[in-house]
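J.: Sequence first, then the predicted structure, then my questions.
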Amino acid sequence: MNLDLIKSLKPIGDGSFDKEPFDEYKKRAAPLLPNFPECALENWIYRHYSDIDDYAFLGFEKMLFKEELWLKDDIYNNINSYYPDMIDSLGYQIYERHDKTWLQKYMLKHKTWNAPIIVFQNTTRPDMGKPYHLLEGHLRLNYFRTIYRNEKEILQEKHRIWLVTI
C-alpha cells in the first residue's frame, strides 16, 4: 500500500464544512490516479476518502476502469461484498422512509442509479466477494437489491457500472 499516495489523495478540509470543491480537488488528485475516470474519482475517492483504506491494498494506481452496461439480473446475482449486510441492510428505507432522500427519489423515478457503482472483478482474493466485489455504491446497491426483490419488473433492464481490474 502506497501511504504517500493515500495521504496525497485526502481532500483539503475533509470532514469539515470547508472541504475543497471537487473541481479544485480534481486538478490536484487526477494526475495521481491517471486511470481513474472523473466520475469514479469524485464518487469514490473524493466523497468517501475516510473509507478508501479498505481497498488501498489493491493498489489504486494499478486499477483499470471500464464502463459497462449490466443486466439487472447479473447485478443482483453476481455482485457481492465482504459481508452480505453491507449490500442488504439499508435497502428497506427506499420504501419505508416517508421523507425520501434525493437518492431514493432519483432511483424510484429513474429505475436506476445516478452514477455507476464500482465493482472489482475478483479472481484472486478469497476474502472478497466473488465473482465481483462492490467497491463503491453500497447505498445505491442496497436500494437496487430491495427494488429488485420487491418489484423487479420496474427496474431498467440495464444499468451502468464501472468494472475495475488490476
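T.: The structure has been received and is ready for your questions.

J.: all contacts plus neighbour counts: C-alpha atoms, from now on.
T.: Will do.

J.: burial of the nearest residue to residue 53 once chain neighbours are set aside, as a residue count?
T.: Spatial nearest neighbour of residue 53, chain neighbours left out: residue 6 (7.8 Å); criterion: Cα to Cα, 6 or more residues apart in numbering. Counted with other Cα atoms under 10 Å, the neighbours of residue 6 add up to 16.

J.: if I've got this straight, residue 6 is in a helix?
T.: Yes. Counting by DSSP: H, G, I helix; E, B strand; the rest coil, residue 6 is part of a helix.

J.: pLDDT at it, what is it?
T.: Per-residue pLDDT puts residue 6 at 93.

J.: got it, and the one 10 residues further on?
T.: The confidence metric pLDDT takes the value 90 at residue 16.

J.: who's in contact with the residue nearest the centre of the chain?
T.: Compute the mean C-alpha point of the chain, and by Cα atoms, centre = their mean the closest residue is residue 136, 2.0 Å away. By Cα atoms under 8 Å, 6 or more residues apart in numbering, the residues touching residue 136 are 43, 44, 117, 118, 119.

J.: thinking the third one is in contact with residue 161, fair?
T.: The reference is to residue 117. Yes. Under the contact definition of Cα atoms under 8 Å, residue 117 touches residue 161, with a separation of 5.0 Å.
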